[in-house]
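>>> I'll drop the sequence and a predicted model, then ask my questions.
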Amino acid sequence: MTTRWLTPEEQRAWRAYLAATHLLEDAIDRQLQQDAGMPHLFYSVLANLSDAPERRLRMTDLAETLKITRSRLTYAVTRLERDGLVRRENCRWDKRSSLAVLTDEGTAVLERTAPGHVETVRATLFDRLTPEQVGQLEEIFTGVVRGLQGDATEAGDDVPWRRRSSCAPPPPAEP
């Protein structure tokens, strides 16, 4: 098989992408550490739970949403649980599963931290782009995500966050 080396344009784009993502993640982590004493991953757990019905998600679903391994999520939830920001509950429909639940204290931390987080995201990324570039950025990364998720689906459930167990409520009984 012949190696398909990057063209000079692709190499520049790749290196710019790497530099930008590292700098963005660093800026976001610094802001969240300063304002909330937590890394971006922990904030993302809280934010995703706040968007979920009843502020709760199955751990497997949360890992899939965040695109992290279940063991990494377990570590994050354990730390957040220790701080009183999240609690775990057993799943009523699947004894093998557990739910992560955002506590009132976690909601308060999220509400207190969100304005600074949004300002950091805006200042470090969106304020540097035109409205047209924002649309292009969305289009580009939506295509990348679609392609990678398709690759993972074709490969089976080898991606750690795609391994699933069922915790959906049982179907309603027929009359």
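Great, that's in hand. Numbers count the residues shown, from 1 in each chain.

>>> Just give me the neighbour total for the closest residue to residue 23 other than its chain neighbours.
Closest residue to residue 23 apart from its sequence neighbours, by C-beta to C-beta, 6 or more residues apart in numbering: residue 124 at 7.6 Å. C-beta here means a position set from N, CA and C on the backbone, and glycine is covered the same way. Neighbourhood size, residue 124 [other C-beta atoms under 10 Å]: 17.

>>> Which pLDDT value does the model give residue 138?
What the model reports as pLDDT for residue 138 is 97.

>>> How about the helix ranked longest in the chain, which residues are buried there?
Criterion DSSP state H: the longest helix present in the chain is helix 8-36. Residues of helix 8-36 classed as buried by neighbour count (16 or more other C-beta atoms under 10 Å): 27-29, 31-32, 35-36.

>>> For the residue nearest to residue 23, give me phi and psi.
phi -90, psi -20 (degrees, to the nearest 10).

>>> That one contacts residue 22, correct?
No - using C-beta atoms under 8 Å, residue 124 is not in contact with residue 22; the gap is 11.9 Å.

>>> Residue 148 versus residue 13, what's the distance?
Using C-beta to C-beta, to the nearest Å, residue 13 is found at 17 Å from residue 148.

>>> wait, what's in contact with residue 12?
Shown in contact with residue 12 (C-beta atoms under 8 Å, 6 or more residues apart in numbering): no residues.

>>> so how far is residue 41 from residue 144?
From residue 144 to residue 41 the distance is 21 Å (C-beta to C-beta).
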